[in-house]
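A.B. asks: give me coordinates for this.
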Amino acid sequence: MNQRMDRLRAKMAEAELDALLVGSPVEDTYKAYGANRRYLSGFTGSVAWLLIGRECAFIAADFRYYDQAQREAPDFTLFKANGSVEKWLAPLLGEAGLQGKKVGYEPAGVTVATYRAMKTALGEMAAEERPELTPAPPLVERLRAIKEPEEIASLQRAVDLGDEAFSAVSGRIEPGWTEEQVAWEIEKYAREHGASALSFETIVASGPWGAMPHAQPRDKRIEEGEPIVIDMGVKVDGYCSDLTRTIVLGEPDDEFKKIYDIVLTAQLTAEELISTGMVGETAHMLAQNVIAEAGYGENFGHGLGHGVGLMVHEAPRLARTSGDILEDGMIVTVEPGIYLSDWGGVRIEDMVVMENGRARILSHAPKISF
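C.D. replies: Next up, the predicted model:
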């Protein structure tokens, strides 16, 4: 954690910030928003704020989390923050010696209501002691985008368990199983074999339902011969996996073979050619061009991929409008797809880590070969 704090403080200095507030826009019961807080402090509770200065680090938590904060974030000084932000923010800033200093907050981690409460708290301070509250650039997200060796190891464990869960369940699916049944069997297997949670609610979409990239599983029986998109992920050590495979029960027809071959070619092309220093838009176009040349460019409407870590969607983005630059240590998905409203969809997704300038594939769940 100390090295992360050192890197953050260097970024804060570049941004001319004397301190940074790190929180979450909502009570993070489902561990979906507090990734920056956990990354910097190790705290896994649902509510707390970090205040990080050039020479100080506080964790502001209420009564429910005193013991947990001290246990999980021993490098941070506990500030007992009971009640609303209006009551404790000014005393915290005063204890940190930030009177008149420039304090950044994370725009993505603050609701309008919380921002107003923060301004109210500062408004009650004497004008000469009042810190300047300013939106900060995504400093922590940029740090999180480059994974440390221990993070890569945790992510590989999550990927391996996700691969295992997919293989164990997909091989048992029979006509008549419902989409919900498939999703439940995946979750059950993952939980029974070491997952702390799912990365997200499993997507199982058969037939025309698969034309929606984020379809929810239904109580609908799967039929032989129709494409089935399965998008799933598990959490291990707090880190997420993300995997998509498209399968078919029985003998695939010629339409499925054609669409699947285009998507697989696009994915393999991108995985082979993606390199460090490449902009996210350029990476996306590696797959987009393959699909467009096959006549289905309008049927691939989402980005090629995204970063994965403590959250299943994080920096960088591989998409048509992305200016993010790929660097060694980044872990991203490569997931092209084709979606036809009257037929269904095909999406194939791996996670890869950028190493020595190239993409090394982490996902090894089987793909269809004809």
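A.B. asks: so Lys235: helix, strand or coil?
C.D. replies: When states are read from DSSP: H, G, I helix; E, B strand; the rest coil, the local structure at Lys235 comes out as strand.
A.B. asks: kindly export stretch 272-289 (C-alpha atoms) in CSV.
C.D. replies: Presented in CSV, the C-alpha positions along stretch 272-289 are these (Å, rounded to 0.1, in the frame of the first residue of the first chain):
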residue,chain,number,x,y,z
GLU,A,272,-2.4,-11.0,-32.3
LEU,A,273,-2.0,-7.4,-33.3
ILE,A,274,-2.8,-5.3,-30.2
SER,A,275,0.4,-3.8,-28.8
THR,A,276,1.5,-1.3,-26.1
GLY,A,277,1.5,2.3,-27.2
MET,A,278,-1.6,1.6,-29.3
VAL,A,279,-4.6,3.9,-28.7
GLY,A,280,-7.9,2.2,-27.6
GLU,A,281,-9.6,3.3,-30.9
THR,A,282,-6.9,1.7,-33.0
ALA,A,283,-7.2,-1.6,-31.0
HIS,A,284,-11.0,-1.6,-31.5
MET,A,285,-10.6,-1.1,-35.2
LEU,A,286,-8.5,-4.2,-35.6
ALA,A,287,-11.6,-6.3,-34.9
GLN,A,288,-14.1,-3.8,-36.4
ASN,A,289,-12.4,-3.9,-39.8
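A.B. asks: contacts for it, please.
C.D. replies: Contacts with stretch 272-289, where a contact means CB atoms under 8 Å, 6 or more residues apart in numbering, come from 266-267, 269-270, 297, 300, 303-305, 316-328, 334, 336, 352, 354, 357-359. For the C-beta atoms, the positions are set from N, CA and C on the backbone; glycine is no exception.
A.B. asks: narrow those to those that are buried.
C.D. replies: Buried positions within the contacts of stretch 272-289, assessed by neighbour count (16 or more other CB atoms under 10 Å), are 266-267, 269-270, 300, 303-305, 316-319, 322, 324, 326, 334, 336, 352, 354, 359.
A.B. asks: of these, which belong to strands?
C.D. replies: Gly305, Pro316, Arg317, Leu318, Val334, Val352, Met354, Ala359 (DSSP state E).
A.B. asks: how near is Thr282 to Arg320?
C.D. replies: Here the criterion is CB to CB, to the nearest Å. By it, Thr282 lies 10 Å from Arg320.
A.B. asks: cool, and Ile338?
C.D. replies: 16 Å.
A.B. asks: end-to-end on stretch 171-184?
C.D. replies: Its start and end residues considered, stretch 171-184 measures 15 Å (CA to CA, to the nearest Å).
A.B. asks: can you pull out the strands in the stretch 201-350 of the chain?
C.D. replies: 203-206, 227-232, 234-236, 239-240, 243-248, 305-307, 314-318, 331-334, 337-340, 344-347, 350-355 (DSSP state E, counting those that start in this stretch).
A.B. asks: so Ser154 sits right up against Tyr239, yeah?
C.D. replies: Yes - applying CB atoms under 8 Å, one finds Ser154 in contact with Tyr239, separated by 4.3 Å.
A.B. asks: so these two - more neighbours on which side?
C.D. replies: In terms of neighbours (other CB atoms under 10 Å), Tyr239 is the more surrounded of Ser154 and Tyr239; the figures are 26 against 20.
A.B. asks: touching, that one and Gly307? I think so.
C.D. replies: No - contact between Tyr239 and Gly307 fails when scored by CB under 8 Å: they sit 11.8 Å apart.
A.B. asks: widest-spaced pair of the ones in strands among the buried ones among the contacts of stretch 272-289?
C.D. replies: For these, the maximum inter-member distance is 15.5 Å, found between Arg317 and Ala359 (CB to CB).
A.B. asks: who's in contact with the closest residue in space to Glu148 that isn't next to it in sequence?
C.D. replies: With sequence-adjacent residues excluded and distances taken as CB to CB, 6 or more residues apart in numbering, Glu148 is closest to Gly329, at 7.7 Å. Taking CB under 8 Å, 6+ apart, we find Gly329 in contact with Ile146, Lys147, Glu148, Ile152, Val353, Met354, Glu355.
A.B. asks: just the buried members of those residues?
C.D. replies: Under a neighbour-count criterion of 16+ other CB under 10 Å, the subset of the contacts of Gly329 counted as buried comprises Ile146, Lys147, Ile152, Val353, Met354.
A.B. asks: can you report how many residues lie near His100?
C.D. replies: Quick fix: residue 100 reads Gly, not His. 14.
A.B. asks: do the same with Tyr296
C.D. replies: For Tyr296, the tally of surrounding residues (other CB under 10 Å) stands at 20.
A.B. asks: on the pLDDT front, check the nearest residue to it once chain neighbours are set aside for me.
C.D. replies: Sequence neighbours aside, Ile338 is the residue nearest to Tyr296 in space, at 4.9 Å (criterion: CB to CB, 6+ apart). For Ile338, the pLDDT comes out at 98.
A.B. asks: Ile338 contacts Gly344, correct?
C.D. replies: No - applying CB under 8 Å, one finds Ile338 not in contact with Gly344, separated by 9.5 Å.
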